[in-house]
Every structure is written in structure tokens, then in C-alpha cells.
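# sequence and predicted structure below; questions after.
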Amino acid sequence: MKILKTVSQAQKLTSLFRVKGKVIGFVPTMGYLHEGHLSLINAARKKADIVIVSIFVNPLQFGPGEDLKKYPRNIKRDEKLCRDAGVDYIFYPDVKQMYPEGYSTYVNIEKISDGLEGSIRPGHFKGVATIVLKLFNIVQPHYSFFGQKDAQQLSVLKKMTADLNVNTKIIVCPTAREQDGLAMSSRNIYLSKQQRADAPYLYKALEYAKRKIMPGNYNRDIDFLKGQMSKLIKSRVSATKIDYISFNDNTTLKELNTLKNTQNREILISLAVRFGSVRLIDNIVIKR
Ligand code: AMP
């Protein structure tokens with residue numbers, strides 16, 4: 001396994017692989033890898049000849065007052081995990097490589113970036129889309145692997161690749177969870193013991209809603225369900241603030257106020273909750 005630190009190094013290499021007809025699989029990450037990232041790497045391993053993982057904590061997607069500075073980083077640990085998982089290259093640029101002085105080009109995907117995470121974190125998806133498009137142009141992947149964990153990110157990136165004719169196929173991997181249901185996240189290490197014990201209630205709340213709207217229960221009132229989910233989460237002392245609980249069409253991300261006429265549509269139920277300074281997101285998709 002090799003580590004590539006510059007854009008030109010990476011781009012030369014991937015161009016060569018393309019000429020040789022090698023299939024490139026790409027897993028973009030911000031590092032501090034866990035089983036969720038490794039499941040993406042495994043999926044890439046199965047589909048591609050060459051697996052490239054990028055590790056870059058992208059300042060552009062963090063707003064003022066967010067956790068850019070304290071975002072966990074440990075490249076030595078990540079290197080070992082990648083090597084053991086059969087990664088061929090890590091692309092590990094510094095901020096100057098990606099945003100040299102005078103940098104001024106940004107990608108903005110309208111509408112779909114506005115609600116949910118976008119409404120709480122203005123500018124977040126502009127940062128995500130910009131870095132991911134740059135990475136696509138550098139790595140030139142045939143297949144790119146993303147987690148369902150970041151549902152809105154997926155919709156935004158799918159829209160971007162379609163609208164801008166980006167030549168990569170996005171593969172969605174399921175959310176990897178701890179045994180108690182908590183979605184794996186690099187930020188979980190910042191949870192206190194109490195917060196860690198309470199955090200699985202996010203998934204419990206999502207599962208509650210799923211149970212309630214399974215076949216035969218289509219007339220459920222969304223506001224009632226949100227209220228029950230909210231009660232369940234607020235019953236945990238360390239869940240300090242619910243940013244949102246939302247029901248959306250999984251393709252357009254349009255908010256749903258009723259479940260009527262949602263047959264044959266995928267429903268995304270997502271939430272974001274703060275445990276003190278740690279903000280967690282999770283979601284499930286219901287296929288009807
Ligand atoms: P991050 O390093 O958090 O930016 O995540 C990099 C990629 O890993 C994104 O595509 C995430 O959606 C994905 N990912 C993060 N957590 C999980 C998880 N628990 N299960 C599956 N994929 C995940």
C-alpha cells in the first residue's frame with residue numbers, strides 16, 4: 001500500500017490505471033476509520049482492481065463553531081486499518097494541496113441541499129460537493145462508495161454526478177451499526193459513558209417509526225409519530241437537543257406531511273440529535 005500526498009502524483013497514477021484498463025474503486029473519507037468505512041472498502045475490493053481511499057478532513061464543509069479543530073485524526077492507525085483491509089493507495093493531501101491560495105471555485109447543488117442537514121449546517125453541502133467533485137477529478141474512479149449513514153449527502157452527490165455528467169457510478173453501502181444499534185461514527189469516541197448509553201435511542205426511535213408504518217399501518221399520522229419518537233429520545237437525560245426528526249421522499253428529499261399516496265415510494269426517516277457538544281445523525285429508509 002502506498003500513500004499519495006499530492007494531486008499530481010495521484011492523477012498521474014489513476015490516468016495510467018485508466019489507460020491500462022484497470023477498474024478503480026474509490027472510498028472518500030475524513031479518516032479516523034471504523035467498521036463503517038471498512039465495509040465501504042470491502043465493497044470496493046469486490047468490484048475494483050485498484051482500491052483508493054482518500055483521507056481528508058475538509059475544512060470547507062465545517063461551519064464556524066463546528067468541530068473542525070477537534071475532529072479526530074490518526075493517520076498511523078488509519079494506515080494500518082487500510083493496509084489490513086487490502087487498500088492499494090491512500091490519497092492523503094494537506095489543505096494547501098486541495099485549496100491552494102486564491103482558490104475560488106465551488107459546487108452548489110440547489111434545493112436538495114437546503115433542508116435537513118443543510119438547514120442546520122448552511123454551506124455544508126457546498127463544501128461536500130466541492131471536495132467530492134475535486135476528488136473524483138483526481139482519482140477518476142469507475143465506482144465510488146458512500147454510506148447510507150449520510151443520506152442527504154448521497155442524494156446531493158447523486159444529483160451532482162447526474163447534473164454534471166460525472167463519469168463514476170455511486171454505490172450505496174448500508175449503515176454499519178454497533179450491536180446496540182448505534183450507527184458507527186468517528187465522532188462516537190467523544191461520547192461520555194452516559195451519552196454512549198443513551199445514543200442507541202436514536203436507532204430505537206427510527207425502528208419504532210418503521211414498525212408503525214409497516215404494511216397495514218399506512219394511515220399513521222406523521223406528526224404523531226414524530227412526537228412519539230421525540231418523547232422516546234428526550235426520555236434519555238444526555239440527549240440535549242433534537243435538531244430535527246423528518247420524513248422525506250428518499251429521491252427528491254421533499255418533506256412528507258402525510259403517508260397517504262406514498263405507495264411505491266421510498267420514505268427516508270432521518271434525525272439529528274445533540275448529546276452535549278456531540279451531534280449525531282441517523283436514518284432509515286422504508287421501501288413500500
Ligand atoms: P466520513 O469519514 O464520516 O466523512 O465518512 C466517509 C464515508 O463513510 C461516507 O460515505 C459515510 O457515509 C460513510 N460512513 C460513515 N459512517 C458509516 C457507517 N456507520 N456505515 C456505513 N458507512 C458509513
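Structure received.
# which pLDDT value goes with the most centrally placed residue in the chain?
Nearest to the mean C-alpha position of the chain, by C-alpha atoms, centre = their mean, lies Asp150 at 3.0 Å. At Asp150 the predicted local confidence, pLDDT, stands at 98.
# quick check: phi and psi on it?
Backbone torsions of Asp150, given as degrees, to the nearest 10, read phi -100, psi 80.
# again, but for Lys5
With angles defined as degrees, to the nearest 10, Lys5 shows backbone torsions of phi -110, psi -20.
# also Ile242?
Its backbone dihedrals place Ile242 at phi -90, psi 110, with angles given as degrees, to the nearest 10.
# was I right about it contacting Lys234?
Yes. Here Ile242 reaches Lys234: they are 7.2 Å apart, a contact under C-beta atoms under 8 Å. Every C-beta, even on glycine, is put in place using the N, C-alpha and C of the backbone.
# got the contact list for Tyr244?
By C-beta atoms under 8 Å, 6 or more residues apart in numbering, the contact list for Tyr244 reads Leu116, Ser119, Ile120, Ser270, Leu271, Ala272.
# restricting to C-alpha, output the host helix or strand of Lys12 in CSV.
Using DSSP states H and E, the secondary-structure element containing Lys12 is helix 7-19. The C-alpha atoms that make up helix 7-19 are tabulated as CSV, following Å, rounded to 0.1, in the frame of the first residue of the first chain:
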residue,chain,number,x,y,z
VAL,A,7,-2.7,15.9,-6.6
SER,A,8,-0.3,15.4,-9.5
GLN,A,9,1.1,12.1,-8.1
ALA,A,10,-2.4,10.7,-7.7
GLN,A,11,-3.7,12.0,-11.0
LYS,A,12,-0.8,10.6,-13.0
LEU,A,13,-1.3,7.2,-11.4
THR,A,14,-5.0,7.0,-11.9
SER,A,15,-4.7,8.1,-15.5
LEU,A,16,-2.2,5.3,-16.1
PHE,A,17,-4.6,2.8,-14.5
ARG,A,18,-7.4,4.0,-16.7
VAL,A,19,-5.2,3.5,-19.8
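# what sits up against the longest helix along the chain?
As far as residue count goes, and with DSSP state H defining each element, the longest helix of the chain is helix 124-139. Contacting residues not belonging to helix 124-139 are listed as 7, 10-11, 14, 24, 26, 28, 52, 54, 56, 58-63, 91, 98, 105-109, 113, 117-118, 144, 152-153, 156-157, 160-161, 164, 166, 168 [C-beta under 8 Å, 6+ apart].
# is any part of that helix close to the ligand?
No. In this structure, helix 124-139 remains apart from the ligand according to C-beta under 6 Å from any ligand atom; the gap is never smaller than 8.6 Å.
# what do you get for stretch 48-68?
No. Using C-beta under 6 Å from any ligand atom, no contact is recorded between stretch 48-68 and the ligand, whose separation bottoms out at 8.2 Å.
# so the closest residue to Thr240 other than its chain neighbours: helix, strand or coil?
Leaving aside its sequence neighbours, Thr240 sits nearest to Arg274 (C-beta to C-beta, 6 or more residues apart in numbering; 5.2 Å). Secondary structure, DSSP: H, G, I helix; E, B strand; the rest coil: Arg274 is strand.
# related to what we said a few turns ago, tell me what the helix holding Lys12 is packed against?
Identification of packing neighbours for helix 7-19 by 3 or more C-beta pairs under 8 Å, 6 or more residues apart in numbering; DSSP states H and E yields strand 24-29, strand 50-55, strand 89-91, helix 124-139.
# what is the burial count for Gly115?
A total of 17 residues lie near Gly115 under the criterion other C-beta atoms under 10 Å.
# mind listing what's buried in the helix holding Lys12?
When burial is assessed from 16 or more other C-beta atoms under 10 Å, helix 7-19 yields the following buried residues: Val7, Gln9, Ala10, Gln11, Leu13, Thr14, Phe17.
# looks like Leu259 contacts Ile222 (just checking).
Yes. Counting by C-beta under 8 Å, a contact exists between Leu259 and Ile222, whose distance comes to 6.4 Å.
# mind listing the strands for the stretch 51-200 of the chain?
Chain-ordered strands for the stretch 51-200 of the chain, with DSSP state E, counting those that start in this stretch as the definition, fall at 89-91, 143-147, 169-173.
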